[in-house]
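>>> Have a look; sequence and predicted model below, questions after that.
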Amino acid sequence: MTTSPVMPERAGHVLVASPNRAIRQRILASLRSPYCRVEQACGGAEALGQMENGLWQVLFLDRQLPDLDADELAAIVRQRFPATEVVLMDPDLNDPKLAGPGPADALSATNPDAATASEWAEEPSGRLDQPAPHAVPRHASFGESIPHDSIPRKPVPLDSVHLDSVHLDSLHHDPLPGMIGCARSMQPVYHAARLLARRDTTVLITGPTGSGKELVARAIHELSLRAARNFVVVNCAAIPEPLLESELFGHTRGAFTGATASYGGRIQAAQAGTLFLDEIGEMPLSLQPKLLRFLERKEVQRLGSSDPLRVDTRIIAATNAHLPTLVGQGKFRADLYYRLATFPMQLPALRERPEDLLPLARHFLEQLTLRPPAPDLSPAVIQLLHAHPWAGNVRELQNVMERALILAEGQPAILPEHLLLDEPRFAN
């Protein structure tokens, strides 16, 4: 007895990302087959979130995304999911055929080498006990097809993906509100932050201590439609574990000893605004399922109450920890990690943005001086600043400038003897 072939585990998993419903429906119709799983997304952030939750063979990507730049998203997908073929589409929106489903012709003739959607649905019939050949396009828009046996089973870790790998050489973006410097390594950060401000996408900001993660989170909030509402900060490492649940989710009167009044919690305090969870890697494992539930359902349940309360709060999280390592050690839930990292942002260290060193230093001098004008930086000091490794990043630079300003009181310039640049020695 002959029947449809059994496809390999990952073959036939296709994601179509386009804001145009007619385009999605035409491609879905052309791909419909008993051995082809096809999902759809309306935007780039939604597509990236779905990529996290499955193994995909092909991503059909409309260039006219409403939230993210298609070329940048394609670069991120190719880097994080090297086994996923990315097919960029330039649909002709004047084509009357796009008004309804039919044969797949949504791909523009401007990319004649791109695979058409129908090519992915064509598979030879065969016996049930015979493995089918790996489904690959007859034409690939990005490089050679990858043999099925070489396909990695897991995506590339988030920490290996840097936004500065996306080519933005021809673009220049002004600093975000509250930030200084236009270094090339910061351009993708500025660009992505402005794109994210348009949506309520959950963001995970990673980077070394003192690199400005909270500043980026505040800027995303201030550029968003939530700017008029609260920006609430919770440092997960600064609140004792027994109190953190109550601080985040609230409690009712009498829920525990000392609860003399009801408390709404920080999540509710950020209603219609943004909650910034700093040091998210320090969140106790016992509280992580409750945060995951809120991210998935937008509901909080206060201590002492059985009634869920719906809250419209955007979550931006940050950490200097390596969360995949914590997941491997059983200290952080994998499902929460992927849910938080709907859109990951990696901030560069100060040593990776040397163009910003002197503008930042002068900014801190002007900000901290008691008697303007602020002293200048002598040539010898400039040389010392460029030679320093800046392990503490921007925060260390601010501290160094404050100390130098105190020691140089009344002098027209900061001199080498005013700098305290010795590396701190931390005990093991």
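In hand now; what should we look at? The model shown is predicted, which means the values in this text are computed figures rather than measured ones.
>>> State whether residue 179 is indeed within a strand.
No: read with DSSP: H, G, I helix; E, B strand; the rest coil, residue 179 is coil and lies in no strand.
>>> and for stretch 241-261, what are the contacting residues?
234, 236, 239, 262-268, 283-284, 286-287, 290-291, 294, 300-305 (CB atoms under 8 Å, 6 or more residues apart in numbering). In this view, the C-beta of every residue, glycine as well, is placed from N, C-alpha and C.
>>> can you rerun that using 7 Å?
234, 236, 239, 262-268, 284, 287, 290, 300-305 (CB atoms under 7 Å, 6 or more residues apart in numbering).
>>> Stretch 352-366 too?
180-181, 183, 185-186, 350, 374-375, 377, 382, 385-386, 394, 397-398, 401, 405.
>>> for stretch 68-77, same thing?
44-45, 48, 51, 59, 61-63, 84, 86, 88, 161, 165-166, 195.
>>> circling back to that earlier point, any of the contacts of stretch 241-261 buried? List them.
234, 236, 239, 263, 265, 266, 267, 268, 287, 300, 302 (16 or more other CB atoms under 10 Å).
>>> Would you reformat these as CSV and include distance to residue 17 and secondary structure?
Supplementary listing: these in CSV, determined by distance: CB to CB, whole Å; DSSP: H, G, I helix; E, B strand; the rest coil:
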residue, distance to residue 17, secondary structure
234, 33, strand
236, 33, coil
239, 39, coil
263, 42, strand
265, 35, coil
266, 34, helix
267, 30, helix
268, 34, helix
287, 33, coil
300, 31, strand
302, 38, coil
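>>> nearest to residue 228, of the residues you listed?
Closest approach between the buried ones among the contacts of stretch 241-261 and residue 228, by CB to CB: residue 268, at 17.3 Å.
>>> Now residue 302. Its backbone dihedrals?
As for residue 302, its main-chain torsions (degrees, to the nearest 10) stand at phi -70, psi 150.
>>> Quick check: which ranges of this protein have low pLDDT?
1-12, 31-36, 53-54, 91-172, 254-255, 422, 424-428 (pLDDT under 70).
>>> spatially speaking, which residue is in the middle of it?
residue 344 (1.8 Å; CA atoms, centre = their mean).
>>> so how far is the host helix or strand of it from its chain's centroid?
Assigned by DSSP states H and E, residue 344 belongs to strand 343-346. Between the centre of strand 343-346 and the centre of its host chain there is 3 Å, according to CA atoms, centre = their mean, to the nearest Å.
>>> got it, and stretch 234-246?
Using CA atoms, centre = their mean, the offset of stretch 234-246 from its chain centre is 24 Å.
>>> Likewise for stretch 203-214?
Distance, centroid of stretch 203-214 to centroid of chain: 11 Å (CA atoms, centre = their mean).
>>> What of stretch 402-411?
40 Å.
>>> likewise stretch 379-386?
35 Å.
>>> residues making contact with it?
354, 357, 358, 361, 414, 415, 416, 419, 421.
>>> Just the buried ones from the residues you listed, in ChimeraX syntax?
Only the buried entries of these go into this ChimeraX selection, using 16+ other CB under 10 Å:
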select :357,361,414,415,419
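>>> Dump the contacts of stretch 379-386 into JSON lines; add distance to residue 15 and secondary structure as well.
Below are the contacts of stretch 379-386 laid out as JSON lines (distance: CB to CB, whole Å; three-state DSSP):
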{"residue": "354", "distance to residue 15": "39", "secondary structure": "helix"}
{"residue": "357", "distance to residue 15": "42", "secondary structure": "helix"}
{"residue": "358", "distance to residue 15": "45", "secondary structure": "helix"}
{"residue": "361", "distance to residue 15": "46", "secondary structure": "helix"}
{"residue": "414", "distance to residue 15": "55", "secondary structure": "strand"}
{"residue": "415", "distance to residue 15": "59", "secondary structure": "coil"}
{"residue": "416", "distance to residue 15": "57", "secondary structure": "helix"}
{"residue": "419", "distance to residue 15": "53", "secondary structure": "coil"}
{"residue": "421", "distance to residue 15": "50", "secondary structure": "coil"}
